[in-house]
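S.K.: pasting the structure only:
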């Protein structure tokens, strides 16, 4: 007798022993016997069946039974226990469509009608069909395409991992990938280029909008055929790489001619270089966005102009001065909608005088923040000299009386405030605007009063006695005008950091807790010039 026959007899003995244990409801021993049999013969059919039955009784994790279920389905395709265990594993992985298809084919064409596990397979099939997700994954491709067209790029990527049906629909309909928006997390810049290549294969030549981190590798990809029909491009500064002006100009010459909307978000390349490239290679540009600390350089006034630009966004550029805005206005004389805010230029009184160069301006969106103090008189003079169709104040954080002072000079047009539109020429709408602004201002005052009344109290040790001080919250409308206030803030911050008292004060007490005066001289005399610290009382 050879070794194979000996192993077969030993495996059969383990299976028989395991079956006896299973009849006696000793499922753990039966499972161990099946493992012993499979150790001797990995493809033993009866041992695989015993392991699946005993494993389901023990409520083993489906992952542990996956391999045995696959082997048993190949060895015995007319037995239902293999399909049942494998479908449970698919459901644990969230692969509902695959489990549904497998159960349908198994119950109809494969498993014998008298199989003892066929009723359990029908029950599982019924539960799957009743799940809400099954309604979605079972939709026709044309309906799925219509649903996916309303999703964002990020949601489409997630949906492609739900099932094979959804992935097939998403990857075979290029229309769904017209807008590609890729964000690059810190430290993962290397995945940007492969991701762009993969999504561009799905979109073929249907890409219209692209929002990507800018680098030399990414910019070189835009010369490929899938990106020849681009209309909107937004570059972000998710990487620390600053574009070389020469390379940037060479690539822009090759790819930028069909672009209509261009945006720069962050310190990527100097604005002067961007504008020079637009003048030379992108004459049909209609919208330009400069956002978040773009590299500003002194801009020179030129006779050339980007006459096609109708929408201009200058946001989040603290270093932008009024002279830069004047140069950009000369470059874009036909702007109809201007977004301006979150920059130092709004503080300058001459900024709005520069905006008067935009003779075709119809809509002005001002983004006021509490980081600067604004001159309302210059805004009022501008609104009086050049009436607007729409004045938009989105997410305005100014006081209500300042807003009322600005819009008081408007006699026509519309004011958009807090996502609501008010016609200035309509008396009822104007009164509603005033009422809403005052209500907003009163609510803001109540919130600030509530915060002030619930400020925490910090205890710190003085030289002679314990004092109390309030921890002042930062108020945007508060301004320190004296050196004493600054000194008070520094001392109070030191008390907060050191849990109510400074280290220098802690050294002035001996082991018995009594005060030791540092101003005392070596012969015991006190320095008369030393003063006690001022106590900040409630």
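M.R.: Now that the structure is in, tell me what you want to look at. Every value quoted in this text rests on a predicted model; they were computed, and no experiment measured them.
S.K.: Tell me which residues touch the spatially closest residue to residue 28 that is not a sequence neighbour, please.
M.R.: The spatial neighbour of residue 28 that comes closest, neighbours along the chain excluded (Cβ to Cβ, 6 or more residues apart in numbering), is residue 58 at 6.4 Å. C-beta here means a position set from N, CA and C on the backbone, and glycine is covered the same way. Residue 58 sits next to 27-28, 31 when contact means Cβ atoms under 8 Å, 6 or more residues apart in numbering.
S.K.: Residue 46 now?
M.R.: Applying Cβ under 8 Å, 6+ apart to residue 46 gives the contacts 12, 15, 37.
S.K.: Angles on the backbone of the residue nearest to residue 28, please.
M.R.: Dihedral angles phi and psi of residue 58 (degrees, to the nearest 10) take the values phi -80, psi 0.
S.K.: Can you tell me how far it is from residue 83?
M.R.: In this structure, residue 58 and residue 83 are 19 Å apart, going by Cβ to Cβ, to the nearest Å.
S.K.: now residue 56, nearest residue through space, not along the chain?
M.R.: Excluding its sequence neighbours, the residue lying closest to residue 56 (Cβ to Cβ, 6+ apart) is residue 85, at 6.7 Å.
S.K.: The host helix or strand of that neighbour - contacts with which helices or strands?
M.R.: Here residue 85, judged by DSSP states H and E, is contained in helix 80-92. Packing contacts for helix 80-92, counted by 3 or more Cβ pairs under 8 Å, 6 or more residues apart in numbering; DSSP states H and E, involve helix 45-57, helix 62-75, helix 96-105, helix 118-130.
S.K.: Just the buried residues of the first one, please?
M.R.: If you call a residue buried by 16 or more other Cβ atoms under 10 Å, then helix 45-57 has these buried ones: 46-56.
S.K.: Averaged pLDDT, it. What do you get?
M.R.: Averaged across helix 45-57, the pLDDT comes to 87.
S.K.: returning to what we had before: need the buried ones from the contacts of residue 58 selected in ChimeraX.
M.R.: Per 16+ other Cβ under 10 Å, the buried members of the contacts of residue 58 correspond to this ChimeraX selection:
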select :27,31
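S.K.: in the stretch 301-450 of the chain, which segments are predicted with low confidence?
M.R.: For the stretch 301-450 of the chain, the stretches flagged by pLDDT under 70 are 301-303, 344-349, 369-375, 395, 397.
S.K.: Helices of that one, start to end?
M.R.: Read by DSSP state H, counting those that start in this stretch, the stretch 301-450 of the chain holds these helices, from start to end of the chain: 322-331, 351-355, 376-385, 400-407, 427-453.
S.K.: Please work out the angle formed by the directions of the longest one and helix 400-407.
M.R.: Orientation check (axes from the mean of the first three to the mean of the last three Cα atoms, to 10 degrees): helix 427-453 against helix 400-407 gives 150 degrees.
S.K.: thinking again about what came up before, what's the closest of the helices of the stretch 301-450 of the chain to residue 99?
M.R.: Judged by Cβ to Cβ, the one of these that comes nearest to residue 99 is helix 427-453, at 52.7 Å.
S.K.: Which strands or helices does that closest one pack on?
M.R.: Applying 3+ Cβ pairs under 8 Å, 6+ apart, one finds that helix 427-453 makes contact with helix 400-407, strand 414-417, strand 420-423.
S.K.: Columns distance to residue 158 and mean neighbour count on top of these, output as JSON lines?
M.R.: Shown next, in JSON lines, are the helices and strands packed on helix 427-453 (distance: least, Cβ to Cβ, whole Å; neighbours: other Cβ atoms under 10 Å):
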{"stretch": "helix 400-407", "distance to residue 158": "41", "mean neighbour count": "18"}
{"stretch": "strand 414-417", "distance to residue 158": "34", "mean neighbour count": "18"}
{"stretch": "strand 420-423", "distance to residue 158": "34", "mean neighbour count": "15"}
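S.K.: So for residue 359, which of those sits nearest?
M.R.: With Cβ to Cβ, the closest approach to residue 359 among the helices and strands packed on helix 427-453 belongs to strand 414-417: 19.9 Å.
S.K.: How far does the closest one sit from its chain's centre?
M.R.: Shown here is strand 414-417, whose average C-alpha point lies 29 Å from the average C-alpha point of the whole chain (Cα atoms, centre = their mean, to the nearest Å).
S.K.: Pairing partners for it, with directions?
M.R.: Here strand 414-417 has these sheet partners by DSSP bridges: strand 390-393 (parallel), strand 420-423 (antiparallel).
S.K.: Quick one: the helices in the stretch 151-300 of the chain, in order.
M.R.: 153-159, 164-171, 192-203, 216-221, 245-255, 271-281.
S.K.: Quick one: residues in contact with the first one.
M.R.: I take that to be helix 153-159. Applying Cβ under 8 Å, 6+ apart, the contact partners of helix 153-159 are 148, 151, 166, 170, 176-177, 179-181.
S.K.: same thing but at 10 Å, please
M.R.: Helix 153-159 is touched from outside by 136, 144, 147-149, 151-152, 166-167, 169-170, 176-183, 195, 199, 202, 209, 211, with contacts defined as Cβ atoms under 10 Å, 6 or more residues apart in numbering.
S.K.: just to revisit the earlier point, pipe the helices and strands packed on helix 427-453 into a markdown table and attach distance to residue 95 per row.
M.R.: A markdown table is the format used below for the helices and strands packed on helix 427-453 (distance: least, Cβ to Cβ, whole Å):
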| stretch | distance to residue 95 |
| --- | --- |
| helix 400-407 | 56 |
| strand 414-417 | 48 |
| strand 420-423 | 47 |
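S.K.: and residue 449, which of those is closest to it?
M.R.: Going by Cβ to Cβ, the one of the helices and strands packed on helix 427-453 nearest residue 449 is helix 400-407, 15.5 Å.
S.K.: What about the contacts of helix 153-159, which are in strands?
M.R.: When strands are assigned by DSSP state E, the members of the contacts of helix 153-159 inside them are 179-181, 209, 211.
S.K.: what pLDDT does the residue sitting nearest the centre point of the chain get?
M.R.: In the chain, the residue lying closest to the centroid (Cα atoms, centre = their mean) is residue 183, at 8.5 Å. Residue 183 is assigned a predicted lDDT (pLDDT) of 75.
S.K.: likewise residue 456?
M.R.: Here the pLDDT value assigned to residue 456 is 60.
S.K.: Residue 261 against residue 232, yeah?
M.R.: Yes. At 3.9 Å, residue 261 and residue 232 qualify as touching, with contact defined as Cβ atoms under 10 Å.
S.K.: Please list all residues in contact with residue 339.
M.R.: By Cβ under 10 Å, 6+ apart, residue 339 lies in contact with 289-291, 311-315, 363-367, 392, 394.
S.K.: Kindly provide the distance from it to residue 315.
M.R.: Counting by Cβ to Cβ, the gap between residue 339 and residue 315 amounts to 6 Å.
S.K.: how many neighbours does the nearest residue to residue 416 once chain neighbours are set aside have?
M.R.: Ranked by Cβ to Cβ, 6+ apart and with sequence neighbours excluded, the top spatial neighbour of residue 416 is residue 392, at 4.2 Å. Counted with other Cβ atoms under 10 Å, the burial measure for residue 392 works out to 19 neighbours.
S.K.: One more: residue 32?
M.R.: Burial measure for residue 32: 17 neighbouring residues, criterion other Cβ under 10 Å.
S.K.: Compute the distance between it and residue 54, please.
M.R.: Shown here: residue 32 relative to residue 54, a distance of 9 Å by Cβ to Cβ.
S.K.: Now for those two: what residues contact both?
M.R.: Applying Cβ under 10 Å, 6+ apart, one finds that residue 32 and residue 54 are jointly contacted by 18, 21, 26.
S.K.: Name the secondary structure element that contains the first one.
M.R.: Under DSSP H and E, the secondary-structure element containing residue 18 is helix 3-23.
S.K.: I'd like the next helix or strand past that helix.
M.R.: Using DSSP H and E, the helix or strand that directly follows helix 3-23 along the chain is helix 27-40.
S.K.: Which of the shared contacts of residue 32 and residue 54 are buried? Put it as a ChimeraX command.
M.R.: Command for ChimeraX, covering only those of those found buried under the criterion 16+ other Cβ under 10 Å:
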select :18,21
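S.K.: Out of the shared contacts of residue 32 and residue 54, which comes closest to residue 271?
M.R.: Comparing the shared contacts of residue 32 and residue 54 against residue 271 with Cβ to Cβ places residue 18 closest, at 77.0 Å.
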